[in-house]
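Engineer: Here is a sequence with its predicted model. Questions after.
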Amino acid sequence: GNSVTQMEGPVTLSEEAFLTINCTYTATGYPSLFWYVQYPGEGLQLLLKATKADDKGSNKGFEATYRKETTSFHLEKGSVQVSDSAVYFCALSDLRDSNYQLIWGAGTKLIIKP
Amino acid sequence: DAGITQSPRHKVTETGTPVTLRCHQTENHRYMYWYRQDPGHGLRLIHYSYGVKDTDKGEVSDGYSVSRSKTEDFLLTLESATSSQTSVYFCAIKESMNTEAFFGQGTRLTVV
């Protein structure tokens, strides 16, 4: 079956550091891949997405590239800010699932210290 | 922002009582989902709907039921609340596979 594995958190970095949050997946079909972010006390919101191999999603300085050969979708940012502190979720949606369910990673908490 | 509203936002209830959470959308999206979020478990799907009166179970459906009599409303009912159902519940809507899911603000439910 489909699954998503994320690196465990919390991840603690200093402001302006480089960020990588690893995400790998298994899928039987042709998934679309997503990164969502959840700020404290709020619901999840889409950060970026990629719908086919080699696509790069980007938003607010974050990037992730859909790597079919390594089944990965790692989230990166060149210089993090305190305001990036949140929980980040990797997810996939598989074309073969007619109900378009999202399969979620466990989430990675990111803490940025000034 | 997508029009999706959950109510209530917070609720405290006693063990054994029925509880209904409401998700209301103004986007006319076909797919609606109920998740629960617990520390260490990420998001777990409870039930989902793929149309009016069309619903199905997710991975943690025991003790929950849902109804969708209109496109815009998706109700989650705990028939007899238990302490293990203390959680934060999120509703989400989705238009199709390649579109994003929009989430409500969540309902924090405490069963005492």
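Structural biologist: Done, it's in.
Engineer: So is stretch A:84-91 next to chain B?
Structural biologist: Yes - Stretch A:84-91 lies within reach of chain B by C-beta under 8 Å from any C-beta of the partner chain, at A:Phe89. Quick note: C-beta positions are derived from backbone N, CA and C, even for glycine.
Engineer: which residues are in contact with that stretch?
Structural biologist: A:4, A:6, A:9, A:19, A:21, A:23, A:25, A:33-40, A:44, A:47, A:73, A:75, A:77, A:102-105, A:107-112, B:42-43 (C-beta atoms under 8 Å, 6 or more residues apart in numbering or on different chains).
Engineer: Return the subset of those lying in strands.
Structural biologist: A:4, A:6, A:19, A:21, A:23, A:25, A:33-38, A:44, A:47, A:75, A:77, A:102-104, A:108-112, B:42-43 (DSSP state E).
Engineer: got a list of what the residue in chain B that chain A sits nearest to touches?
Structural biologist: Nearest to chain A, among the residues of chain B, is B:Phe103, at 3.6 Å (C-beta to the nearest C-beta). Applying C-beta under 8 Å, 6+ apart, we find B:Phe103 in contact with A:Gly43, A:Leu44, A:Gln45, B:Ile4, B:Phe90, B:Cys91, B:Ala92.
Engineer: near chain A, which residues of chain B show up?
Structural biologist: Contact residues, chain B versus chain A (C-beta under 8 Å from any C-beta): B:31, B:33, B:40-43, B:45, B:48, B:50, B:56, B:58, B:90, B:92, B:94, B:96-98, B:100-101, B:103-106.
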